[in-house]
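K.L.:
what would the 3D arrangement of this be:
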Amino acid sequence: MVQSIILRKQAWGEADELVGFLTRDLGWLAGVAKNSRKSRVRFGGHLEPLTLVDLTIRPRKKDTLVWIDDSNLVKGFTRVRSELLKVSWCSYFLELSSLLLPEASPEPEVFDFLLSFHDLLDTSDPGKFRLLLEEIRLLGLLGYGPQFYICPACATGLDPGQDALFSPATGGVCHLSCVDLDRERSVSISPDTLAAVRKGLESGARVVDRLRLGNKGLGELRRALSALVRHLRGADINSLTFLEKMGSW
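P.N.:
Numbering: from 1, shown residues only. You can find the predicted model right below:
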């Protein structure tokens, strides 16, 4: 069996379902649950998105999909799945990971992070600033961590109190003079927002939960991260667009 977090499922033929899921040891996989739409006895509703399950899988000979022979529910994250905003965050983090990681490429740290994030939302109500900081950490684990300390355009530091621009093309906060060619797509970052992000990234969970960022700063940070993700993807991401509408930034 492989422990897995379910991202999505959809009808596959007349009786089967196609399931996309992340495993700790095998990375992202897609599998076919045979006859799961006709008989619920074998799977018992254990293939729902945003659940942690143990799956029994085996390879298929004709393609890169796997057969899903059996499933056992480990954790249902009931509170997450009952609150639309929490569903939006978890779905976005999973989809972002599926888009930026190659299929069948194990990344145990990413799996552990996503599992901890599900637990966080299932047991508490983190503030918007904490959630944005978690997004920054996830991007780092995926290999695309945004830079908030050194201007990536000129490789020099950003002084406290200095206005700056977040450039999605360079992947970080830059001096105003360093982003002339990318100014249209860049996002203004105020000194207070930059200072808050730095403090948040340097602090432990207990401190982070007490940190606050005003609506202006939350909006700046959301726009910056959204611009970066869309630049990396080269296209829009439906779960991100929905999250933005839900977030009331």
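K.L.:
which element is the spatially most central residue of the chain on?
P.N.:
Closest residue to the average C-alpha location of the chain: residue 93 at 1.8 Å, with C-alpha atoms, centre = their mean. Element membership of residue 93, judged by DSSP states H and E, is helix 84-100.
K.L.:
run the chain-centre distance for the lowest-mean-pLDDT helix or strand in the chain.
P.N.:
Ranked by mean pLDDT, DSSP states H and E, the weakest helix or strand in the chain is helix 205-208, scoring a mean of 83. In terms of C-alpha atoms, centre = their mean, to the nearest Å, the centre of helix 205-208 is set 20 Å apart from its chain centre.
K.L.:
what's the helix or strand that it is followed by in contact with?
P.N.:
Heading C-terminal from helix 205-208, the first helix or strand you meet, by DSSP H and E, is helix 215-233. For helix 215-233, contacts defined as C-beta atoms under 8 Å, 6 or more residues apart in numbering pick out 96, 99-100, 128-129, 132, 135-136, 139, 144, 146, 166, 168-169, 171, 173, 185-190, 192-193, 196-197, 213, 236-237, 240, 244, 247, 249. In short, each C-beta sits where N, CA and C put it, glycine included.
K.L.:
go ahead and build a ChimeraX selection from the buried members of those.
P.N.:
A single ChimeraX command is used to select the members of the contacts of helix 215-233 judged buried by 16 or more other C-beta atoms under 10 Å:
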select :96,99,100,128,129,132,135,136,139,146,166,168,169,171,173,186,187,189,190,193,196,197,213,237,240,247,249
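K.L.:
relative to helix 215-233, how tilted is the helix holding residue 93?
P.N.:
Relative orientation of helix 84-100 versus helix 215-233 (axes from the mean of the first three to the mean of the last three C-alpha atoms, to 10 degrees): 30 degrees.
K.L.:
thinking again about what came up before, just the contacts of helix 215-233: which are in strands?
P.N.:
Among these, the residues falling in strands (DSSP state E) are 166, 173, 187, 188, 189.
K.L.:
for these, which one is nearest residue 88?
P.N.:
Distances from residue 88 to the ones in strands among the contacts of helix 215-233, taken as C-beta to C-beta, are shortest for residue 187 (21.3 Å).
K.L.:
tell me the bridge partners for that closest one.
P.N.:
residue 166 (DSSP bridges).
K.L.:
so who does it touch?
P.N.:
Residue 187 neighbours (C-beta under 8 Å, 6+ apart): 165, 166, 220, 223, 224, 227.
K.L.:
dump those to TSV, plus distance to residue 13 and pLDDT.
P.N.:
Formatted as TSV, these follow (distance: C-beta to C-beta, whole Å; pLDDT from 0 to 100):
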residue	distance to residue 13	pLDDT
165	50	95
166	45	96
220	47	97
223	42	96
224	43	97
227	40	96
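K.L.:
if I pick residue 134, what's in contact with it?
P.N.:
Contact analysis of residue 134 by C-beta under 8 Å, 6+ apart lists 93, 117, 120, 126.
K.L.:
mind doing that once more with 10 Å?
P.N.:
89, 93, 113, 116, 117, 120, 121, 126, 200, 208 (C-beta atoms under 10 Å, 6 or more residues apart in numbering).
K.L.:
tell me the domain boundaries of the chain?
P.N.:
2-77, 126-247 (automatic domain parsing).
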